[in-house]
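Enquirer: One predicted model, sequence on top.
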Amino acid sequence: MSGRPRILLRFQVRGDPRSGGGGANARVAEVLRRECDIVTGHGPADLQVCSFEWDAPASPPRLFLDHGSFADASFWAYTVPKLRPGDTLLVTSRVCEQVAERLLLPGGVRLQRIALPVDVERFQPAPDRAAARRSLESSHGLPASGPLLLVAAAFVRRKNHHLAIDLLRALLRGRSDCHLAMVGPVPDTDGSRAYHDRVAALACEPGLEGKVRILGPQPIENVAALMAGADLLIHLTTCRLENFGLVVAEAAASGLPVLAADWGGLRDVVVHGETGWLAPTWLSGRGPRVDWSALVDPALRLLEDPEAWRTASQAARRRAQAEFAPELHAGRLRAALDAAIEWSASSVGGVSLTEAGTDLAFRTLTLNARHPEIRDAGDEFRLLLPIDNGRYVRLLIGPAATFERSPRLESGDRPYALVRWQASDTGIEVLDPAWPASLSLDQRGRDLLRRCDGTTRLASMLDGDAETMDRAQRLCDEGVIGACSTPEI
């Protein structure tokens with residue numbers, strides 16, 4: 001449209017205005033105030049921009065900022081019926097588009113995808129990396145030499161801080177001078193506090209003494225300094241709401257290569273093999289699993305080859321400048337506003353779910369009626385996980401994973417444990433801090449699991465026994481062992 005659009009802002013910046021949904025809303029609000037005429041009161045408007053205000057009046061036309069709602073069953077059961085023809089949903093990743101294709105019939109609602117912006121001036125490579133490391137030694141007590149790995153995420157179980165410690169332990173076999181710094185808040189929940197304590201305990205295990213520093217929440221300036229001085233960002237999240245990965249984009253702007261899970265919006269940010277490496281993920285019967293061991297070899301290559309590291313660092317910075325700079329976001333957002341206004345005037349048809357979407361919505365409504373103890377979307381997700389062999393969970397987050405199902409084992413595979421475990425009277429206790437479980441397993445199954453060390457081919461464990469293969473496949477389906485790669489660990 002010609003001229004400045006008149007926009008009614010129907011949201012406030014909630015939460016931390018520097019990160020997450022709060023940060024995304026703050027950036028959008030800044031662009032809107034600069035590029036548009038903001039309408040207050042009951043003045044005429046071309047478009048209203050909403051975030052979580054799904055009950056906003058149908059007029060003027062509505063554009064909703066989505067922050068991962070597509071991964072919640074309750075969104076499809078309770079929110080989608082509130083959408084109206086002509087609405088636009090602004091999303092940040094291809095995963096959101098793929099989930100919508102499964103669950104939402106084309107027609108009345110339009111999706112537009114725009115990457116989030118990054119402050120490429122605040123987050124940028126250090127002109128003198130040696131000086132940057134000395135500064136981190138002074139400010140945080142981190143070593144001034146040797147590879148420094150960084151985790152920057154809140155202590156939420158699905159962010160998988162514990163896998164970063166497992167990765168560090170494997171890297172120490174090749175580079176004994178590696179260190180890991182973790183920065184991020186601990187949300188005020190019993191689960192997050194318990195998870196933080198568990199990660200802290202893992203960091204003190206034998207062989208890791210003095211190798212892990214948990215720095216707690218830090219101002220954004222400190223996070224930028226840590227990214228400029230670190231060698232690798234580790235981001236192994238399988239959080240179902242990970243529909244972009246702002247911290248990964250900030251790392252790219254800092255020239256920091258990333259080792260991440262091949263999950264959700266992260267694959268829209270990381271160019272595998274160029275700006276970082278992505279570890280295969282899949283959906284097991286116990287939730288998402290990350291084959292973090294697939295990252296050991298590429299990480300060691302980067303840490304041992306300064307030229308390879310420099311090439312990845314420069315590629316990451318170029319990508320951030322080309323895709324995530326604020327001025328690019330502003331132009332894309334303005335174009336999205338114009339397109340939303342045009343769409344609202346020309347859309348036809350209603351807002352309807354596909355057959356799969358209708359099934360999911362009905363199942364979710366039934367689940368809530370039968371389980372009054374459900375408090376949030378996370379409770380719904382956990383209750384949906386075992387139903388119909390995980391069908392409903394795959395509908396919601398299947399596109400986020402590399403594989404929607406666990407790998408099919410073959411005799412030539414070298415299986416290895418993905419989780420820590422211990423034998424019990426009736427089976428095993430899975431000690432994974434994110435997905436703990438008790439599994440029934442006979443003695444032969446436990447003996448098989450002990451042999452899954454990543455070096456022994458499955459064929460040598462089978463001895464022509466079909467039941468042993470069935471046991472191995474069940475362990476893989478439950479997320480206990482993996483075989484997407486065959487590392488010598």
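Expert: Right, received. Where do you want to start?
Enquirer: Secondary structure class of the residue nearest to Val39 when sequence neighbours are not counted, three-state.
Expert: Nearest non-adjacent residue to Val39, counting by Cβ to Cβ, 6 or more residues apart in numbering: Ala45, 4.3 Å away. Bear in mind the C-beta positions are built from the backbone N, C-alpha and C, glycine included. Here Ala45 is coil, with the state taken from DSSP: H, G, I helix; E, B strand; the rest coil.
Enquirer: Could you measure from Ala45 over to Arg6?
Expert: The gap separating Ala45 from Arg6 is 5 Å, by Cβ to Cβ, to the nearest Å.
Enquirer: Overlap in contacts, these two.
Expert: Jointly contacting Ala45 and Arg6 under the rule Cβ atoms under 8 Å, 6 or more residues apart in numbering are Val39.
Enquirer: Compare these two (neighbour count), which wins?
Expert: Ala45 (21 against 17; other Cβ atoms under 10 Å).
Enquirer: Isn't the more buried one up against Arg10?
Expert: No. Using Cβ atoms under 8 Å, Ala45 makes no contact with Arg10, being 9.8 Å away.
Enquirer: Give the buried residues for the lengthiest helix in the chain.
Expert: If you go by DSSP state H, the chain has its longest helix at helix 326-346. Of all the residues in helix 326-346, those buried under the rule 16 or more other Cβ atoms under 10 Å are 326, 328-330, 332-334, 336-337, 340-341, 343-344.
Enquirer: now for that helix, which elements pack on it?
Expert: Based on contacts counted as 3 or more Cβ pairs under 8 Å, 6 or more residues apart in numbering; DSSP states H and E, the elements that helix 326-346 packs against are helix 20-35, strand 47-50, strand 62-65, strand 88-91, strand 110-113.
Enquirer: deepest of the ones you listed, which one?
Expert: Burial of these is given as mean neighbour count (mean count of other Cβ atoms under 10 Å); strand 62-65 ranks first at a mean of 24.
Enquirer: which neighbours does that strand have in its sheet, and in what orientation?
Expert: Sheet partners assigned to strand 62-65 using DSSP bridges are listed as strand 47-50 (parallel), strand 88-91 (parallel).
Enquirer: What is the subsequent helix or strand relative to the last one?
Expert: The C-terminal neighbour of strand 88-91 among helices and strands, as given by DSSP states H and E, is helix 94-103.
Enquirer: got a list of contacts for that following helix?
Expert: 66, 70-71, 76, 89, 91, 111, 113, 243, 264-265, 267-268, 353-354, 356-357, 360, 395-397, 399-400.
Enquirer: Which members of those occur in helices, if any?
Expert: 267-268, 356-357, 360, 395-397.
Enquirer: would CSV of those with pLDDT and distance to Gln314 be doable?
Expert: Converted to CSV, these look like this (pLDDT from 0 to 100; distance: Cβ to Cβ, whole Å):
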residue, pLDDT, distance to Gln314
Arg267, 94, 21
Asp268, 95, 20
Ala356, 97, 43
Gly357, 97, 43
Leu360, 97, 44
Leu395, 95, 40
Leu396, 95, 37
Ile397, 95, 33
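Enquirer: Narrow the residues you listed to just the buried residues.
Expert: Among the ones in helices among the contacts of helix 94-103, the ones that count as buried by 16+ other Cβ under 10 Å are 267-268, 357, 360, 395-397.
Enquirer: Using JSON lines, lay out those together with distance to Ala252.
Expert: Shown next, in JSON lines, are these (distance: Cβ to Cβ, whole Å):
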{"residue": "Arg267", "distance to Ala252": "13"}
{"residue": "Asp268", "distance to Ala252": "11"}
{"residue": "Gly357", "distance to Ala252": "34"}
{"residue": "Leu360", "distance to Ala252": "34"}
{"residue": "Leu395", "distance to Ala252": "31"}
{"residue": "Leu396", "distance to Ala252": "28"}
{"residue": "Ile397", "distance to Ala252": "24"}
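Enquirer: Nearest to Ala58 among those?
Expert: Lowest distance from Ala58 to those (Cβ to Cβ) belongs to Gly357, with 21.4 Å.
Enquirer: got a pLDDT number for the closest residue to the closest one other than its chain neighbours?
Expert: Closest residue to Gly357 apart from its sequence neighbours, by Cβ to Cβ, 6+ apart: Leu103 at 3.4 Å. Listed pLDDT for Leu103 reads 96.
Enquirer: try Arg33
Expert: 90.
Enquirer: Please apply the same query to the one 4 residues further on.
Expert: As summarised for this prediction, Asp37 has a pLDDT of 92.
Enquirer: Let me know the average pLDDT across the longest helix of the chain.
Expert: Here the average pLDDT along helix 326-346 is 91.
Enquirer: Provide the contact partners of that helix at residue level.
Expert: With Cβ under 8 Å, 6+ apart as the criterion, helix 326-346 contacts 1, 5, 7, 27-28, 31-32, 34-36, 46-47, 49, 61, 63, 86-88, 90, 110, 112, 114-120, 322.
Enquirer: follow-up on the earlier one: quick check: the residue nearest to Val39 vs Gly86, distance?
Expert: Using Cβ to Cβ, Ala45 is found at 14 Å from Gly86.
Enquirer: Also Ser424?
Expert: In terms of Cβ to Cβ, Ser424 sits 57 Å off from Gly86.
Enquirer: ok, those two, which is more surrounded?
Expert: Remark: of Ser424 and Gly86, Gly86 carries more neighbours, 22 against 13, as counted by other Cβ under 10 Å.
Enquirer: Three-state assignment for that one, please.
Expert: The assignment at Gly86 comes out as coil when based on three-state DSSP.
Enquirer: Against Leu333, how distant is the nearest residue to it once chain neighbours are set aside?
Expert: Nearest residue to Gly86, sequence neighbours excluded (Cβ to Cβ, 6+ apart): Ser344, at 3.8 Å. Ser344 is 17 Å from Leu333, where distance means Cβ to Cβ.
Enquirer: in this structure, which segments are predicted with low confidence?
Expert: By pLDDT under 70, the low-scoring segments of the chain are 1-2, 12-22, 464, 484-489.
Enquirer: Strands along the stretch 301-450 of the chain, start to end?
Expert: Here the stretch 301-450 of the chain has its strands, by DSSP state E, counting those that start in this stretch, at 416-417, 421-423, 427-430, 437-440.
Enquirer: Make JSON lines from those and add mean neighbour count and distance to Arg289 to it.
Expert: Converted to JSON lines, those look like this (neighbours: other Cβ atoms under 10 Å; distance: least, Cβ to Cβ, whole Å):
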{"stretch": "strand 416-417", "mean neighbour count": "20", "distance to Arg289": "11"}
{"stretch": "strand 421-423", "mean neighbour count": "14", "distance to Arg289": "14"}
{"stretch": "strand 427-430", "mean neighbour count": "18", "distance to Arg289": "11"}
{"stretch": "strand 437-440", "mean neighbour count": "14", "distance to Arg289": "12"}
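Enquirer: Same list (those strands) but as CSV, adding distance to Glu137.
Expert: Shown next, in CSV, are the strands of the stretch 301-450 of the chain (distance: least, Cβ to Cβ, whole Å):
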stretch, distance to Glu137
strand 416-417, 36
strand 421-423, 38
strand 427-430, 38
strand 437-440, 41
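Enquirer: Would you mind saying which of the helices and strands packed on helix 326-346 lies nearest Pro306?
Expert: Closest among these, using Cβ to Cβ: helix 20-35, at 33.2 Å.
Enquirer: Tell me which strands the helix or strand following that closest one pairs with, and in which orientation.
Expert: Scanning forward in sequence from helix 20-35 by DSSP H and E, the next helix or strand is strand 37-39. Strand 37-39 has the following strand partners under DSSP bridges: strand 6-10 (parallel).
Enquirer: For the partner strand, output the C-alpha coordinates as CSV.
Expert: What follows is strand 6-10, C-alpha atoms only, in CSV (Å, rounded to 0.1, in the frame of the first residue of the first chain):
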residue,chain,number,x,y,z
ARG,A,6,-2.1,3.0,10.4
ILE,A,7,-1.4,0.3,13.0
LEU,A,8,-3.2,-0.4,16.3
LEU,A,9,-0.7,-2.0,18.7
ARG,A,10,-2.6,-4.6,20.8
